[in-house]
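1. compute the structure for the input listed below.
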Amino acid sequence: MTADLLDGKRVASEIRAEVADKVRQFVHGGGPQPCLTAVLVGEDPASQVYVRNKRRACEKAGINGRTLRLDAGISQQKLLETIRGLNDDPAVHGILVQLPLPTGGNGGKGFDERAILDTVAPLKDVDAFSPVNVGLLMQGRPRFLPCTPHGIVQLLHRCNLSIAGKHVVVVGRSDIVGKPMAMMLAQKNGSCGSEIANATVTIAHSRTEDLRDICKTADCLIAAVGVPEMIRGDMIREGAIVIDVGINRVGEKLVGDVAFDEAMEVASAITPVPGGVGPLTIAMLLHNTLLAAQLQLHS
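-> Numbering: from 1, shown residues only. As a prediction, this is how the structure comes out:
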């Protein structure tokens, strides 16, 4: 068996074109141009690339993509004040605090990341990190859906892959991907209907005993643990769908959390790295920014 490649670039391009069309309609109907402001603290090279890519994607979609660059030595209090200022600015619809924050910031003490993310107004929280938005998601009535998990839902839907009634194993328990992914797939319904929901979901992680055997039971295996090629071919059930969220640099090469060549021999469908889940994350960020502008217009 050779797995089908799930083309995240193609699906992301479709979504971005749809968002751009909806932005045009929104503005033509009298709405303001949606504005996403990314807060970039310090000069981490990878973060700068991510923010630049997000700004370019915004421009193509008709969204005003701003970047607020702050010195790595900024104090926690000053950073919080800056975010509160963005909360109060009616021209800003979405706020994104680029992670990770510099470890030596705040006068060498480091930043309280949770306090910073919690300061973002829930109606402008396009990453869906706010406890208010996480709580709404948990109850099955989300305001914003987290970008990476929502991108995965869209990918499955647009590739006609149902997970309803099936066993999904999510390897990874982060607040950004693992936990919300599990919540979304276990709901009775979702943004793409009941076929990309209603799963029986197991959350596993690096400390899970018998991880190989648990992964082997999955009809759909989602790897989001951040360890290069941790998921080997002998951990994958024959015919399973494999979604690789990881992106790790090993020497000059980018690899996922899944040993791709091994997985190709047993999976029925798999996302590549790069070109799989990554492009979808930015596409769903654009979607959330437009939604934020629409919600604030009527709030």
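2. quick one: the helices in the stretch 101-250 of the chain?
-> Taking DSSP state H, counting those that start in this stretch as the test, the helices found in the stretch 101-250 of the chain are 113-119, 131-138, 147-158, 178-186, 211-216.
3. for residue 268, which of these is the nearest?
-> helix 147-158 (12.5 Å; Cβ to Cβ). C-beta: built from backbone N, CA, C; applies to glycine.
4. quick one: contacts of that closest one?
-> 6, 8, 11-12, 14-15, 126-128, 145, 162-163, 176-177, 180-181, 184-185, 190-193, 195-196, 220, 222, 224, 241, 243, 245, 271, 277, 280-285, 287-288 (Cβ atoms under 8 Å, 6 or more residues apart in numbering).
5. stretch 44-55 too?
-> 36, 38, 40, 65-67, 96, 98-100, 102, 282, 285.
6. ChimeraX command for the buried members of those residues?
-> Buried residues among these (16 or more other Cβ atoms under 10 Å), as a ChimeraX selection:
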select :36,38,40,65,66,67,96,98,102,282,285
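7. please flag which of the contacts of stretch 44-55 sit within strands.
-> With strands taken from DSSP state E, the overlap with those comprises 36, 38, 40, 65-67, 96.
8. distance to residue 231 added to those residues, as a markdown table?
-> Shown next, in a markdown table, are those (distance: Cβ to Cβ, whole Å):
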| residue | distance to residue 231 |
| --- | --- |
| 36 | 33 |
| 38 | 31 |
| 40 | 32 |
| 65 | 34 |
| 66 | 38 |
| 67 | 35 |
| 96 | 29 |
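9. kindly reformat these as CSV containing pLDDT and distance to residue 254.
-> Output for the ones in strands among the contacts of stretch 44-55, formatted as CSV (pLDDT from 0 to 100; distance: Cβ to Cβ, whole Å):
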residue, pLDDT, distance to residue 254
36, 98, 26
38, 97, 22
40, 95, 22
65, 97, 24
66, 97, 28
67, 96, 24
96, 96, 23
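10. and of these, the nearest to residue 74?
-> Distances from residue 74 to those, taken by Cβ to Cβ, are shortest for residue 40, at 11.2 Å.
11. quick revisit: out of the helices of the stretch 101-250 of the chain, deepest packed?
-> Ranked by mean neighbour count, the helices of the stretch 101-250 of the chain are led by helix 147-158 with a mean of 24 (mean count of other Cβ atoms under 10 Å).
12. report the inter-axis angle for that one versus helix 178-186.
-> If you take axes from the mean of the first three to the mean of the last three Cα atoms, to 10 degrees, helix 147-158 sits at 30 degrees to helix 178-186.
13. right, and residue 291 touches residue 144 too?
-> Yes: when contacts are counted by Cβ atoms under 8 Å, residue 291 is listed as touching residue 144 (6.6 Å).
14. pick out whichever of the two has more residues nearby.
-> Comparing residue 291 with residue 144 by other Cβ atoms under 10 Å, the one with more neighbours is residue 144, at 28 against 19.
15. can you list the domains in this structure?
-> The chain breaks down into these domains under automatic domain parsing: 31-122, 146-278.
16. mean pLDDT lowest where, among those?
-> Mean pLDDT is lowest for domain 31-122 among these, at a mean of 93.
17. what about that one, start to end distance?
-> Start-to-end span of domain 31-122 (Cα to Cα, to the nearest Å) is 20 Å.
18. distance between it and the chain's centre?
-> The chain centroid and the centroid of domain 31-122 are separated by 16 Å, computed with Cα atoms, centre = their mean, to the nearest Å.
19. on that earlier part again, any chance of the helices of the stretch 101-250 of the chain in a markdown table, with distance to residue 85 too?
-> Output for those, formatted as a markdown table (distance: least, Cβ to Cβ, whole Å):
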| stretch | distance to residue 85 |
| --- | --- |
| helix 113-119 | 11 |
| helix 131-138 | 20 |
| helix 147-158 | 24 |
| helix 178-186 | 28 |
| helix 211-216 | 45 |
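20. what's the closest of the ones you listed to residue 22?
-> helix 147-158 (14.8 Å).
21. next, the angle from the closest one to helix 131-138.
-> When the same axes, to 10 degrees is applied, the directions of helix 147-158 and helix 131-138 differ by 30 degrees.
22. all strands for this structure, in order.
-> Secondary structure of the chain (DSSP E): strands located at 4-5, 35-41, 64-70, 94-97, 167-171, 200-204, 220-223, 241-244, 248-250, 253-255, 269-270.
23. which ones are touching the nearest residue to residue 33 once chain neighbours are set aside?
-> Once flanking residues are discounted, residue 33 sits nearest to residue 64: 5.2 Å by Cβ to Cβ, 6 or more residues apart in numbering. Neighbour list for residue 64: 33-36, 58 [criterion: Cβ under 8 Å, 6+ apart].
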